[in-house]
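Asks: Structure of the sequence below:
(4 chains)
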Number of protein chains: 4
Amino acid sequence: METNPCNKPINGGSSIPSRVSRKTKPDATIVNINGVKVGGSDIVVIAGPCAVESREQLFETARSVKESGANILRGGAFKPRSSPYNFQGLGEDGLKLLGIIREETGLPIVTEVMDTRQVELVASYADMIQIGSRNMQNYPLLKEAGMCRKPILLKRGMMATIEEYLMAAEYILNQGNGQVILCERGIRTFETSTRNTLDLSAIPMLKRLSHLPVIVDPSHGTGLRWMVPAMAKAAVAVGADGLIMEVHYKPEAALCDGHQSLSLDEFAQLMADLKKIASAVGREISSLKPSHA
Amino acid sequence: METNPCNKPINGGSSIPSRVSRKTKPDATIVNINGVKVGGSDIVVIAGPCAVESREQLFETARSVKESGANILRGGAFKPRSSPYNFQGLGEDGLKLLGIIREETGLPIVTEVMDTRQVELVASYADMIQIGSRNMQNYPLLKEAGMCRKPILLKRGMMATIEEYLMAAEYILNQGNGQVILCERGIRTFETSTRNTLDLSAIPMLKRLSHLPVIVDPSHGTGLRWMVPAMAKAAVAVGADGLIMEVHYKPEAALCDGHQSLSLDEFAQLMADLKKIASAVGREISSLKPSHA
Amino acid sequence: METNPCNKPINGGSSIPSRVSRKTKPDATIVNINGVKVGGSDIVVIAGPCAVESREQLFETARSVKESGANILRGGAFKPRSSPYNFQGLGEDGLKLLGIIREETGLPIVTEVMDTRQVELVASYADMIQIGSRNMQNYPLLKEAGMCRKPILLKRGMMATIEEYLMAAEYILNQGNGQVILCERGIRTFETSTRNTLDLSAIPMLKRLSHLPVIVDPSHGTGLRWMVPAMAKAAVAVGADGLIMEVHYKPEAALCDGHQSLSLDEFAQLMADLKKIASAVGREISSLKPSHA
Amino acid sequence: METNPCNKPINGGSSIPSRVSRKTKPDATIVNINGVKVGGSDIVVIAGPCAVESREQLFETARSVKESGANILRGGAFKPRSSPYNFQGLGEDGLKLLGIIREETGLPIVTEVMDTRQVELVASYADMIQIGSRNMQNYPLLKEAGMCRKPILLKRGMMATIEEYLMAAEYILNQGNGQVILCERGIRTFETSTRNTLDLSAIPMLKRLSHLPVIVDPSHGTGLRWMVPAMAKAAVAVGADGLIMEVHYKPEAALCDGHQSLSLDEFAQLMADLKKIASAVGREISSLKPSHA
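Replies: Sure thing, here's the model as predicted:
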């Protein structure tokens, strides 16, 4: 039968591109985000609101997640929204707010970039640049990220195979930037009771094939606030190097993704529970202090 | 837009059928398999070969998994195989071997039934009857299982929604048999690096919607021996009530599913690791002794 | 990379089982349903209600679809329904009604069997036996159908690959029954605006790999009455050997699948339109008179 | 049950954004590509190589597809490739070649843009700008396309729902550019025998929900040269306003997608066959002469 050559599955590792491959570099890559190290024995937690909405919203959330033990602050200034009529983010004003709270808390910042023309701007504020799921195969953006000297958080596309995902990371490494963190955030399946299907098997698979650190986003992976803690615990048990979660000081009033954002108290409780799971797999939730603090 | 009414997602629980619903019965159902209780605080482990192949294969595997702490023995006598030319199982001879080793080890037996005409026969040997993924919507078989007085292990279809899965369980309960265990075993997605995509979010979802116990099959869920331990740990962390895993005394020589079967040593090691995860979530790997022992 | 051997795609035809393969038998198989031939140059249309509901409903629908040019009558007596509380079909009473209207109209009958114990009964009334999507991998049922001397309409499972589908047909041929018709009826995908995604590429693929005739079910494939005509035309254009469609004399009052059933007038109009497409691809809508007529 | 609000299916049309909706604008939009009109009664055929590789390759292919009746020439200068080590396109040199052959043949040109920074450049050469599947939710690019005064060919993402797809088109219309053509090019499913699953039901669905023209890409939709003609015929039968197909003067030597490219002779034969199908649905293959000619 003449099957499409595009569908050949990865076998023998021959189709795993070389720079991301563990065969090329057996040792795990440690990504250093302004002093916070991802990919070593400690498990790193990134937390914060989906979008930066206001000074109060960002600052109250940031102070609280730091208090609960988060290592890095997340918050979107440029938001990829399905509808043009949804809140699109505060833009550079959001970046400025992120810069202020970084000074106060010492937490490194990760925020998303969507446009090749904005990479330089975003990199001037952020400690790590996120490339979102919808842009996982935005090759010009990947190349631009590869030429930037900041660590990159590359989220898996919701329709991307493991092989395509590693190919996308290869675009960044191929430009000379080896500080890349992978992030499983749910794939699209037929199941509709959750927003996406969080593919936790991707974590051992990616770590076997590649030397890059792998974290998990249970917020987008489930789309359900009440389910985030269970999936976060599973992510640590399965071997993830960290978590990225949406936390909001008033989830019910959030302009974006409130239904999947943890409250401040829920996050604090979860951090305590995660410590036990981390210990059970011989790791610990990072207590590294970022260099600013 | 006139969208198909068949696609309405579950909302407000109104479409969750009544007998399986936690709204109807808030307390968790405990399924009692000849003395081994599933659905309580203890986590139960079911282990054994994919198919019963021979006296030596079954007995050596059974003795070893018991020694490592398994609570229930699995083994297929009637095998659903994609090709008619693959090994189809030993049939009643396999059931007889299962009966003998049950007497020796005291381990309760779970084995699959595929045909309405065989339910009575299988029930005469087994302590729990398995309905496999391919038969999740075999309604005559579900009804027959519902009229049987043995506990039923109902595996999720590889493309069944949560709602369809609970509907299938409702068929069994509706015939008067409330001793049903649900089992997530991987769903079919676009990803090809694993055999299926193990949907661990199904566990908290099913436990929220239904009072029935839920276990996980990481062997079929991944199809990869080396990945089974990581996913088994994640399953315990996420809140599963138990695990069902393929173990073979000589995986490389197995007639069926050898690539996803743990060796005896791998299983023993995994059991030790699982104890730590169970403890971290406030549970323990069951040490209940079955009544035969 | 150690990928699961279960995921190897079909290549070189080596995994296409031998009895269904066109390599083994280059000439197209013609299935003869009591005088109506499927798989030759004529395109055959099977029409009728989802379920037999009453004498009036069945007879009025049957007379009308015959008048419009349908070649075979469909109607379910045993219905596979997702919920145990939905209408389950009239059982043998439904079969009897089908037998009566066959005598009157001369139209051969196709109806579904779900249980190995019912094959003999259903075969005593039907001219062709349908095995539905949910039972495509119900191997005992496939074997029983293979021992039966009636043509079999085997519908593709909603989650079945082309290879698995051909393997299922092989089970029937392997028992000595070569009179098998394949039927694409929609696969399950992430898209929710239609009930299923009708995979029309399956028709040229199946016809290339196998000598068996292939028909299309646009009713289940779309779940939307208004979309059935467009997809039926596409099915003829793509090379299908026939169509099976749900038609009801009062769709809005149907006990089952009314939202996807054509009215009598819609069906009559569609038959006229299909003649033009058939002619454009060098075929014609069958005008063979069944032997009873 | 608390289901994710993100998963609400489109119902009653309330979630279809206003500018693309047929409720807002009942009359079909006609997109005018330098004199070639898409969305009226004529069916338009776009043909050409996947990528512009050389003067000889482009020119010989262009002359031949024009001779066979193609209305518009396609050819990629900037190529989105899964691997950074694959041929990435000739860039502006490719655009220049497209400009030269446009002058000679009079065929309007469609070519892809991947980067917001290149929209102006590409628009200076192209008569229509393509936004590819991987960029369907690249919102900055959609906005930039919306500010451009050239028609836009927006391909459906390989895992985009109908609703998400229309939302993406809305981004373009919302910037003031209403000259948008939609294109079904296959979605990602579990089936691996074809490169993608061409979702022909999307054509009647999109045309019912929106006033925008809809075309089909059977080359990417199947990934198999031999299957392209059958699916092209089905696309015309189902109601598509046009086709876009890969044609190469030497498919076996193509740098990109040769396995799915028609040869010049195959394309000529297909055009003859398509005329018959078009006629059977009351349309015709466009014979409009572009304004340059």
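Asks: Report the separation between the closest residue in space to A:P151 that isn't next to it in sequence and chain C.
Replies: Spatially, and ignoring its direct neighbours in sequence, A:P151 is nearest to A:Q179 (3.9 Å; CB to CB, 6 or more residues apart in numbering or on different chains). Quick note: C-beta positions are derived from backbone N, CA and C, even for glycine. Going from A:Q179 to chain C by CB to the nearest CB, to the nearest Å gives 24 Å.
Asks: Those residues of the stretch 101-250 of chain A touching chain B, which are they?
Replies: Selection of the stretch 101-250 of chain A residues close to chain B by CB under 8 Å from any CB of the partner chain yields A:159, A:161-163, A:187, A:189-194, A:197-205, A:208, A:221-222, A:226-227, A:230-231, A:233-239.
Asks: Quick one: distance of stretch A:266-282 to the chain centre.
Replies: 19 Å (CA atoms, centre = their mean, to the nearest Å).
Asks: I misspoke; the intended subject was stretch A:25-44.
Replies: 14 Å.
Asks: In it, which residues are buried?
Replies: Buried residues in stretch A:25-44, counted by 16 or more other CB atoms under 10 Å in any protein chain shown: A:25, A:28-29, A:31-34, A:36-40, A:42-44.
Asks: Could you identify the most distant pair in these?
Replies: A:K25 and A:N34 (23.3 Å; CB to CB).
Asks: right, and A:K276 touches B:I277 too?
Replies: No - contact criterion CB atoms under 8 Å: A:K276 and B:I277 do not qualify, at 9.3 Å.
Asks: out of the two, which sits in the more crowded spot?
Replies: Under the criterion of other CB atoms under 10 Å in any protein chain shown, the comparison of A:K276 against B:I277 puts B:I277 first, with 25 against 18.
Asks: Just the element for that one, please.
Replies: helix B:264-280 (DSSP states H and E).
Asks: Flag every buried residue along that helix.
Replies: Quick answer for helix B:264-280 (16+ other CB under 10 Å): B:264, B:266-268, B:270-271, B:273-278, B:280.
Asks: contact partners of the helix or strand following that helix?
Replies: Tracing the chain C-terminally past helix B:264-280 and defining elements by DSSP H and E, one meets strand B:284-285 next. Residues from elsewhere that reach strand B:284-285, judged by CB atoms under 8 Å, 6 or more residues apart in numbering or on different chains: B:S41, B:D42, B:I43, B:V45, B:G69, B:M271, B:L274, B:K275, B:A278.
Asks: Mind listing the strands strand B:284-285 pairs with, and their directions?
Replies: strand B:42-48 (parallel) (DSSP bridges).
Asks: Report the angle between the strand it pairs with and helix B:264-280.
Replies: 170 degrees (axes from the mean of the first three to the mean of the last three CA atoms, to 10 degrees).
Asks: mind checking how far strand B:42-48 is from the chain centre?
Replies: Taking mean C-alpha positions (CA atoms, centre = their mean), strand B:42-48 and its chain are 9 Å apart.
Asks: got it, and stretch A:208-216?
Replies: Worked out by CA atoms, centre = their mean, stretch A:208-216 lies 12 Å from the chain centre.
Asks: cool, and stretch A:144-155?
Replies: With CA atoms, centre = their mean, you get 13 Å for stretch A:144-155.
Asks: and that stretch, C-alpha only, in PDB?
Replies: This file holds the C-alpha atoms of stretch A:144-155, laid out as PDB (Å, rounded to 0.1, in the frame of the first residue of the first chain):
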ATOM      1  CA  GLU A 144      13.500  35.200  16.300                       C
ATOM      2  CA  ALA A 145      13.300  33.600  19.700                       C
ATOM      3  CA  GLY A 146      16.400  31.600  18.800                       C
ATOM      4  CA  MET A 147      18.300  34.800  18.100                       C
ATOM      5  CA  CYS A 148      17.300  36.300  21.400                       C
ATOM      6  CA  ARG A 149      19.400  35.800  24.500                       C
ATOM      7  CA  LYS A 150      16.600  35.000  26.900                       C
ATOM      8  CA  PRO A 151      15.300  31.500  28.000                       C
ATOM      9  CA  ILE A 152      12.300  30.400  26.000                       C
ATOM     10  CA  LEU A 153       9.200  28.600  27.300                       C
ATOM     11  CA  LEU A 154       7.900  26.700  24.200                       C
ATOM     12  CA  LYS A 155       4.400  25.300  24.800                       C
END
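Asks: coming back round to it: my guess is the residue nearest to A:P151 contacts A:L154, does it?
Replies: No - applying CB under 8 Å as the test, A:Q179 and A:L154 come out as separate, 10.7 Å apart.
Asks: on that earlier part again, can you select the buried ones from the residues of the stretch 101-250 of chain A next to chain B in ChimeraX?
Replies: Listed next is the ChimeraX selection for buried residues among these, using 16+ other CB under 10 Å:
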select /A:159,161,162,163,187,189,190,191,192,193,194,197,198,199,200,201,202,203,204,205,208,221,222,227,230,231,233,234,235,236,237,238,239
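Asks: Check the spacing between the single nearest residue of the stretch 101-250 of chain A relative to chain D and D:A160 real quick.
Replies: Nearest to chain D, among the residues of the stretch 101-250 of chain A, is A:M159, at 3.4 Å (CB to the nearest CB). Counting by CB to CB, to the nearest Å, the gap from A:M159 to D:A160 is 9 Å.
Asks: A:A70: what secondary structure?
Replies: coil (DSSP: H, G, I helix; E, B strand; the rest coil).
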